[in-house]
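K.L.:
Structural data only, the sequence is not supplied:
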(Lines give C-alpha, C1' and ligand atoms only; values in the text may rest on other atoms or scores of the structure.)
Protein backbone atom coordinates (compact mmCIF):
# COMPACT_ATOMS: atom_id res chain seq x y z
CA UNK A 1 0.00 0.00 0.00
CA UNK A 2 1.45 3.39 -1.00
CA UNK A 3 2.56 5.95 1.51
CA UNK A 4 -0.17 8.36 0.37
CA UNK A 5 -2.86 5.90 1.40
CA UNK A 6 -3.67 5.40 5.06
CA UNK A 7 -6.47 4.34 7.33
CA UNK A 8 -8.47 7.28 8.64
CA UNK A 9 -11.47 5.74 10.40
CA UNK A 10 -12.19 2.63 12.43
CA UNK A 11 -15.67 1.54 13.34
CA UNK A 12 -17.17 1.26 16.79
CA UNK A 13 -17.48 -2.15 18.47
CA UNK A 14 -13.89 -2.93 17.42
CA UNK A 15 -15.09 -4.48 14.19
CA UNK A 16 -12.29 -3.08 12.06
CA UNK A 17 -14.17 -1.28 9.32
CA UNK A 18 -11.63 0.35 7.06
CA UNK A 19 -11.82 3.51 5.01
CA UNK A 20 -9.01 4.71 2.81
CA UNK A 21 -8.05 8.09 1.50
CA UNK A 22 -5.52 8.81 -1.23
CA UNK A 23 -3.61 12.08 -1.29
CA UNK A 24 -6.09 14.30 0.52
CA UNK A 25 -9.08 13.91 2.83
CA UNK A 26 -12.29 13.18 0.91
CA UNK A 27 -14.51 14.79 3.54
CA UNK A 28 -15.30 18.09 1.81
CA UNK A 29 -18.71 18.62 3.34
CA UNK A 30 -21.78 16.56 4.08
CA UNK A 31 -24.09 15.75 1.16
CA UNK A 32 -27.58 16.64 2.33
CA UNK A 33 -29.56 17.17 -0.88
CA UNK A 34 -30.36 14.07 -2.95
CA UNK A 35 -33.18 14.59 -5.47
CA UNK A 36 -35.86 11.97 -5.90
CA UNK A 37 -35.61 9.61 -8.87
CA UNK A 38 -38.18 6.88 -8.14
CA UNK A 39 -37.74 3.25 -9.08
CA UNK A 40 -39.16 -0.11 -8.10
CA UNK A 41 -37.49 -3.43 -7.36
CA UNK A 42 -40.15 -6.11 -7.36
CA UNK A 43 -42.85 -5.01 -4.92
CA UNK A 44 -40.66 -2.42 -3.18
CA UNK A 45 -40.62 1.22 -4.27
CA UNK A 46 -37.59 3.41 -3.69
CA UNK A 47 -37.23 7.19 -3.96
CA UNK A 48 -33.86 6.77 -5.67
CA UNK A 49 -32.15 3.88 -7.50
CA UNK A 50 -28.88 4.35 -5.61
CA UNK A 51 -28.37 2.05 -2.62
CA UNK A 52 -25.31 1.24 -0.59
CA UNK A 53 -23.78 -2.22 -1.00
CA UNK A 54 -23.75 -4.67 1.87
CA UNK A 55 -20.46 -4.81 3.71
CA UNK A 56 -19.32 -1.35 2.64
CA UNK A 57 -21.46 0.97 4.75
CA UNK A 58 -21.31 -0.57 8.21
CA UNK A 59 -23.96 -2.21 10.35
CA UNK A 60 -25.94 0.97 11.00
CA UNK A 61 -25.60 4.72 10.64
CA UNK A 62 -21.83 4.92 10.07
CA UNK A 63 -22.24 6.98 6.89
CA UNK A 64 -24.71 9.44 8.41
CA UNK A 65 -22.05 12.12 9.13
CA UNK A 66 -21.25 12.28 5.41
CA UNK A 67 -24.53 11.93 3.51
CA UNK A 68 -28.27 12.18 4.12
CA UNK A 69 -29.12 8.50 4.32
CA UNK A 70 -32.83 9.28 4.03
CA UNK A 71 -32.17 10.61 0.52
CA UNK A 72 -30.70 7.36 -0.76
CA UNK A 73 -32.87 4.61 -2.17
CA UNK A 74 -31.85 2.44 0.76
CA UNK A 75 -29.00 1.47 3.00
CA UNK A 76 -28.15 -2.19 2.57
CA UNK A 77 -26.53 -3.26 5.80
CA UNK A 78 -23.61 -5.60 6.38
CA UNK A 79 -24.61 -9.27 6.29
CA UNK A 80 -25.37 -10.73 9.70
CA UNK A 81 -25.49 -14.35 10.77
CA UNK A 82 -28.00 -15.82 13.17
CA UNK A 83 -25.17 -15.85 15.73
CA UNK A 84 -22.20 -13.55 16.42
CA UNK A 85 -19.37 -14.31 14.01
CA UNK A 86 -15.68 -13.37 14.47
CA UNK A 87 -14.63 -13.12 10.83
CA UNK A 88 -11.22 -13.92 9.36
CA UNK A 89 -7.73 -13.27 10.70
CA UNK A 90 -5.94 -10.03 9.79
CA UNK A 91 -4.92 -8.59 7.44
CA UNK A 92 -8.40 -8.41 5.95
CA UNK A 93 -8.06 -5.75 3.25
CA UNK A 94 -5.52 -5.23 0.49
CA UNK A 95 -5.47 -2.45 -2.09
CA UNK A 96 -5.45 -3.86 -5.61
CA UNK A 97 -4.51 -2.09 -8.85
CA UNK A 98 -8.08 -1.14 -9.73
CA UNK A 99 -10.03 -2.00 -6.63
CA UNK A 100 -9.75 -3.84 -3.36
CA UNK A 101 -9.30 -7.39 -2.12
CA UNK A 102 -11.08 -8.20 1.11
CA UNK A 103 -11.38 -11.22 3.36
CA UNK A 104 -13.23 -9.71 6.31
CA UNK A 105 -15.10 -12.96 6.70
CA UNK A 106 -18.57 -11.55 7.41
CA UNK A 107 -17.75 -10.53 10.95
CA UNK A 108 -20.85 -9.41 12.81
CA UNK A 109 -22.79 -9.30 16.07
CA UNK A 110 -25.62 -11.64 15.07
CA UNK A 111 -29.15 -10.67 14.04
CA UNK A 112 -30.60 -10.11 17.52
CA UNK A 113 -27.73 -7.88 18.66
CA UNK A 114 -27.87 -5.97 15.37
CA UNK A 115 -31.59 -5.34 15.81
CA UNK A 116 -31.06 -4.07 19.34
CA UNK A 117 -27.79 -2.15 19.05
CA UNK A 118 -27.20 -1.01 15.46
CA UNK A 119 -30.52 -0.73 13.64
CA UNK A 120 -32.14 1.94 15.88
CA UNK A 121 -29.54 4.59 15.04
CA UNK A 122 -29.96 3.86 11.34
CA UNK A 123 -33.72 4.18 11.55
CA UNK A 124 -33.33 7.53 13.34
CA UNK A 125 -31.66 8.92 10.20
CA UNK A 126 -34.85 8.30 8.23
CA UNK A 127 -33.16 5.73 6.01
CA UNK A 128 -34.97 3.00 4.17
CA UNK A 129 -33.24 -0.25 5.14
CA UNK A 130 -32.54 -3.49 3.31
CA UNK A 131 -31.12 -6.00 5.77
CA UNK A 132 -28.63 -8.64 4.66
CA UNK A 133 -28.32 -12.12 6.15
CA UNK A 134 -25.96 -15.04 5.55
CA UNK A 135 -25.30 -18.56 6.76
CA UNK A 136 -23.02 -21.55 6.51
CA UNK A 137 -25.88 -24.08 6.55
CA UNK A 138 -29.48 -24.03 5.39
CA UNK A 139 -30.54 -23.96 9.03
CA UNK A 140 -28.36 -20.88 9.62
CA UNK A 141 -30.36 -19.05 6.96
CA UNK A 142 -33.61 -20.20 8.53
CA UNK A 143 -32.62 -18.97 11.99
CA UNK A 144 -31.35 -15.64 10.65
CA UNK A 145 -34.60 -15.10 8.74
CA UNK A 146 -36.74 -15.98 11.73
CA UNK A 147 -34.82 -13.51 13.91
CA UNK A 148 -35.12 -10.83 11.21
CA UNK A 149 -38.91 -11.13 11.35
CA UNK A 150 -38.75 -8.95 14.47
CA UNK A 151 -37.32 -6.01 12.50
CA UNK A 152 -39.46 -2.85 12.28
CA UNK A 153 -41.25 -1.76 9.11
CA UNK A 154 -38.36 0.45 7.98
CA UNK A 155 -36.63 -2.77 6.94
CA UNK A 156 -38.41 -3.13 3.63
CA UNK A 157 -36.56 -6.14 2.20
CA UNK A 158 -33.99 -8.78 3.08
CA UNK A 159 -31.02 -9.45 0.83
CA UNK A 160 -29.95 -13.07 1.22
CA UNK A 161 -26.20 -13.27 0.73
CA UNK A 162 -25.64 -16.62 -0.96
CA UNK A 163 -21.94 -16.09 -1.68
CA UNK A 164 -21.04 -17.98 1.48
CA UNK A 165 -19.19 -21.26 2.10
CA UNK A 166 -21.64 -24.15 2.29
CA UNK A 167 -20.28 -26.42 5.02
CA UNK A 168 -22.92 -29.04 4.15
CA UNK A 169 -21.51 -29.27 0.63
CA UNK A 170 -17.77 -28.85 0.36
CA UNK A 171 -18.13 -28.20 -3.37
CA UNK A 172 -18.30 -24.47 -2.78
CA UNK A 173 -20.63 -21.58 -2.08
CA UNK A 174 -24.41 -21.74 -1.90
CA UNK A 175 -24.55 -19.52 -4.98
CA UNK A 176 -22.51 -22.02 -6.98
CA UNK A 177 -25.24 -24.67 -6.73
CA UNK A 178 -28.80 -24.37 -7.99
CA UNK A 179 -30.04 -26.88 -5.42
CA UNK A 180 -28.33 -25.14 -2.50
CA UNK A 181 -29.56 -21.76 -3.70
CA UNK A 182 -33.18 -22.92 -3.76
CA UNK A 183 -32.86 -24.56 -0.35
CA UNK A 184 -31.35 -21.49 1.32
CA UNK A 185 -33.85 -19.10 -0.23
CA UNK A 186 -36.84 -21.26 0.64
CA UNK A 187 -36.15 -21.23 4.38
CA UNK A 188 -35.79 -17.43 4.52
CA UNK A 189 -39.49 -16.87 3.92
CA UNK A 190 -39.84 -16.55 7.69
CA UNK A 191 -38.40 -13.01 7.56
CA UNK A 192 -41.82 -11.85 6.32
CA UNK A 193 -40.41 -9.46 3.73
CA UNK A 194 -39.54 -9.43 0.04
CA UNK A 195 -36.25 -11.28 -0.47
CA UNK A 196 -33.40 -10.61 -2.86
CA UNK A 197 -30.78 -13.23 -3.67
CA UNK A 198 -27.25 -11.83 -3.84
CA UNK A 199 -25.35 -14.02 -6.27
CA UNK A 200 -21.72 -14.72 -7.09
CA UNK A 201 -20.16 -13.99 -10.50
CA UNK A 202 -17.89 -16.98 -9.95
CA UNK A 203 -20.71 -19.43 -10.67
CA UNK A 204 -20.25 -19.32 -14.43
CA UNK A 205 -23.69 -19.45 -16.03
CA UNK A 206 -25.84 -17.33 -13.74
CA UNK A 207 -29.21 -18.00 -15.35
CA UNK A 208 -29.79 -21.44 -13.73
CA UNK A 209 -28.81 -19.96 -10.36
CA UNK A 210 -31.23 -17.08 -10.87
CA UNK A 211 -33.97 -19.58 -11.71
CA UNK A 212 -33.14 -21.52 -8.55
CA UNK A 213 -33.28 -18.36 -6.44
CA UNK A 214 -36.67 -17.43 -7.86
CA UNK A 215 -37.91 -20.96 -7.24
CA UNK A 216 -36.87 -20.52 -3.61
CA UNK A 217 -38.88 -17.32 -3.30
CA UNK A 218 -36.52 -14.54 -4.38
CA UNK A 219 -38.38 -11.50 -5.66
CA UNK A 220 -35.21 -10.01 -7.15
CA UNK A 221 -31.53 -10.80 -7.59
CA UNK A 222 -28.50 -8.69 -6.72
CA UNK A 223 -25.72 -9.01 -9.29
CA UNK A 224 -22.86 -9.33 -8.48
CA UNK A 225 -20.86 -10.11 -5.38
CA UNK A 226 -17.06 -9.98 -5.40
CA UNK A 227 -14.86 -11.91 -7.81
CA UNK A 228 -12.50 -14.45 -6.27
CA UNK A 229 -8.93 -13.18 -6.19
CA UNK A 230 -5.62 -13.39 -4.38
CA UNK A 231 -2.52 -11.34 -3.71
CA UNK A 232 0.90 -12.73 -2.69
CA UNK A 233 3.95 -10.85 -1.46
CA UNK A 234 6.79 -12.29 -3.58
CA UNK A 235 9.47 -11.01 -1.20
CA UNK A 236 8.15 -12.69 1.94
CA UNK A 237 6.48 -15.51 -0.04
CA UNK A 238 3.31 -15.02 2.00
CA UNK A 239 -0.32 -14.18 1.32
CA UNK A 240 -1.26 -10.52 1.63
CA UNK A 241 -4.58 -11.47 3.26
CA UNK A 242 -4.82 -13.47 6.45
CA UNK A 243 -7.28 -15.87 4.90
CA UNK A 244 -5.18 -16.45 1.80
CA UNK A 245 -7.67 -15.55 -0.91
CA UNK A 246 -10.35 -12.90 -0.91
CA UNK A 247 -12.97 -11.08 -2.94
CA UNK A 248 -12.06 -8.47 -5.54
CA UNK A 249 -14.32 -5.43 -5.78
CA UNK A 250 -14.16 -1.96 -7.28
CA UNK A 251 -13.69 -0.63 -10.84
CA UNK A 252 -11.84 -3.80 -11.93
CA UNK A 253 -15.06 -5.85 -11.77
CA UNK A 254 -17.44 -3.30 -13.32
CA UNK A 255 -17.42 -4.88 -16.80
CA UNK A 256 -18.12 -8.26 -15.18
CA UNK A 257 -21.11 -6.80 -13.34
CA UNK A 258 -22.41 -5.14 -16.51
CA UNK A 259 -22.19 -8.43 -18.43
CA UNK A 260 -23.91 -10.38 -15.65
CA UNK A 261 -26.77 -7.89 -15.38
CA UNK A 262 -27.11 -7.72 -19.15
CA UNK A 263 -27.19 -11.48 -19.70
CA UNK A 264 -29.64 -12.20 -16.89
CA UNK A 265 -31.91 -9.35 -18.00
CA UNK A 266 -31.86 -10.71 -21.54
CA UNK A 267 -32.62 -14.27 -20.44
CA UNK A 268 -35.07 -13.47 -17.62
CA UNK A 269 -36.52 -9.99 -18.25
CA UNK A 270 -39.27 -10.62 -15.70
CA UNK A 271 -36.80 -10.90 -12.80
CA UNK A 272 -35.92 -7.56 -11.17
CA UNK A 273 -32.17 -6.93 -10.84
CA UNK A 274 -30.12 -4.79 -8.48
CA UNK A 275 -26.77 -4.12 -10.13
CA UNK A 276 -23.56 -3.79 -8.14
CA UNK A 277 -19.89 -3.80 -9.01
CA UNK A 278 -17.47 -0.95 -9.62
CA UNK A 279 -19.96 1.93 -9.59
CA UNK A 280 -17.91 5.09 -9.16
CA UNK A 281 -19.99 7.82 -10.79
CA UNK A 282 -23.30 8.57 -12.46
CA UNK A 283 -22.23 7.11 -15.80
CA UNK A 284 -21.22 3.72 -14.39
CA UNK A 285 -24.49 3.68 -12.45
CA UNK A 286 -26.44 4.48 -15.61
CA UNK A 287 -24.57 1.74 -17.47
CA UNK A 288 -25.90 -0.92 -15.09
CA UNK A 289 -29.41 0.51 -15.39
CA UNK A 290 -29.28 0.42 -19.19
CA UNK A 291 -27.99 -3.16 -18.97
CA UNK A 292 -31.16 -4.13 -17.10
CA UNK A 293 -30.89 -3.21 -13.42
CA UNK A 294 -33.78 -1.44 -11.70
CA UNK A 295 -31.47 -0.12 -8.98
CA UNK A 296 -27.75 -0.09 -8.29
CA UNK A 297 -25.52 -0.32 -5.25
CA UNK A 298 -22.40 1.67 -4.41
CA UNK A 299 -19.75 -0.29 -2.53
CA UNK A 300 -15.99 0.04 -2.73
CA UNK A 301 -16.19 3.70 -3.77
CA UNK A 302 -17.36 4.48 -0.22
CA UNK A 303 -14.04 3.28 1.16
CA UNK A 304 -12.26 6.08 -0.71
CA UNK A 305 -14.95 8.68 -0.05
CA UNK A 306 -17.84 7.91 2.32
CA UNK A 307 -19.94 10.51 0.49
CA UNK A 308 -19.84 8.49 -2.74
CA UNK A 309 -23.37 7.08 -2.67
CA UNK A 310 -24.86 10.54 -2.15
CA UNK A 311 -22.63 12.07 -4.80
CA UNK A 312 -23.58 9.38 -7.32
CA UNK A 313 -27.30 9.66 -6.50
CA UNK A 314 -27.25 13.42 -7.06
CA UNK A 315 -25.09 13.03 -10.14
CA UNK A 316 -27.44 10.49 -11.67
CA UNK A 317 -30.29 12.99 -11.58
CA UNK A 318 -28.13 15.52 -13.44
CA UNK A 319 -26.99 12.81 -15.85
CA UNK A 320 -30.59 11.97 -16.70
CA UNK A 321 -31.45 15.63 -17.27
CA UNK A 322 -28.40 16.16 -19.48
CA UNK A 323 -29.21 13.07 -21.54
CA UNK A 324 -32.91 13.65 -22.04
CA UNK A 325 -34.11 10.97 -19.63
CA UNK A 326 -37.43 12.09 -18.17
CA UNK A 327 -38.26 8.90 -16.30
CA UNK A 328 -36.01 6.13 -15.06
CA UNK A 329 -38.12 3.56 -16.88
CA UNK A 330 -36.71 4.96 -20.13
CA UNK A 331 -33.27 3.89 -18.99
CA UNK A 332 -33.80 0.49 -17.37
CA UNK A 333 -32.89 -2.28 -19.79
CA UNK A 334 -32.83 0.13 -22.71
CA UNK A 335 -29.95 -1.61 -24.46
CA UNK A 336 -32.16 -4.66 -25.01
CA UNK A 337 -34.74 -2.56 -26.83
CA UNK A 338 -32.08 -1.53 -29.35
CA UNK A 339 -30.96 -5.01 -30.27
CA UNK A 340 -31.77 -5.98 -33.83
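P.N.:
Yep, that arrived. As the structure is a prediction and not an experimental result, all values here were calculated from the model.
K.L.:
residue closest to the middle of this protein?
P.N.:
By C-alpha atoms, centre = their mean, the chain has its centre lying nearest to residue 53, at 2.8 Å.
K.L.:
mind checking pLDDT for the residue lying closest to that residue once chain neighbours are set aside?
P.N.:
Among residues not flanking residue 53 along the chain, residue 299 sits closest, at 3.2 Å (C-beta to C-beta, 6 or more residues apart in numbering). Backbone N, C-alpha and C define where each C-beta goes, glycine included. Residue 299 is assigned a pLDDT of 97 by the prediction.
K.L.:
check contacts around residue 299.
P.N.:
Contact analysis of residue 299 by C-beta atoms under 8 Å, 6 or more residues apart in numbering lists 52-53, 55-56, 249-250, 276-277, 279.
K.L.:
Residue 75: which of the residues you listed is nearest?
P.N.:
Nearest to residue 75 among those is residue 52, at 5.1 Å by C-beta to C-beta.
K.L.:
What is the burial count for the closest one?
P.N.:
29 (other C-beta atoms under 10 Å).
K.L.:
Looking at strand pairing, list the partners for it.
P.N.:
residue 298 (DSSP bridges).
K.L.:
ok, it touching residue 309?
P.N.:
Yes: Residue 52 lies in contact with residue 309 (C-beta atoms under 8 Å); the separation is 5.3 Å.
K.L.:
what do these two both touch?
P.N.:
Residues touching both residue 52 and residue 309 by C-beta under 8 Å, 6+ apart: 63, 72, 298, 302.
K.L.:
Would you reformat these as TSV and include neighbour count and distance to residue 219?
P.N.:
Formatted as TSV, the shared contacts of residue 52 and residue 309 follow (neighbours: other C-beta atoms under 10 Å; distance: C-beta to C-beta, whole Å):
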residue	neighbour count	distance to residue 219
63	25	26
72	28	20
298	27	22
302	24	26
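K.L.:
would you list these in JSON lines and tack on distance to residue 261?
P.N.:
Compiled in JSON lines, the shared contacts of residue 52 and residue 309 are given as follows (distance: C-beta to C-beta, whole Å):
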{"residue": "63", "distance to residue 261": "25"}
{"residue": "72", "distance to residue 261": "20"}
{"residue": "298", "distance to residue 261": "15"}
{"residue": "302", "distance to residue 261": "20"}
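K.L.:
Helices of the protein, residue ranges please.
P.N.:
111-117, 119-124, 138-148, 178-186, 207-215, 254-267, 282-291, 301-304, 308-322, 334-337 (DSSP state H).
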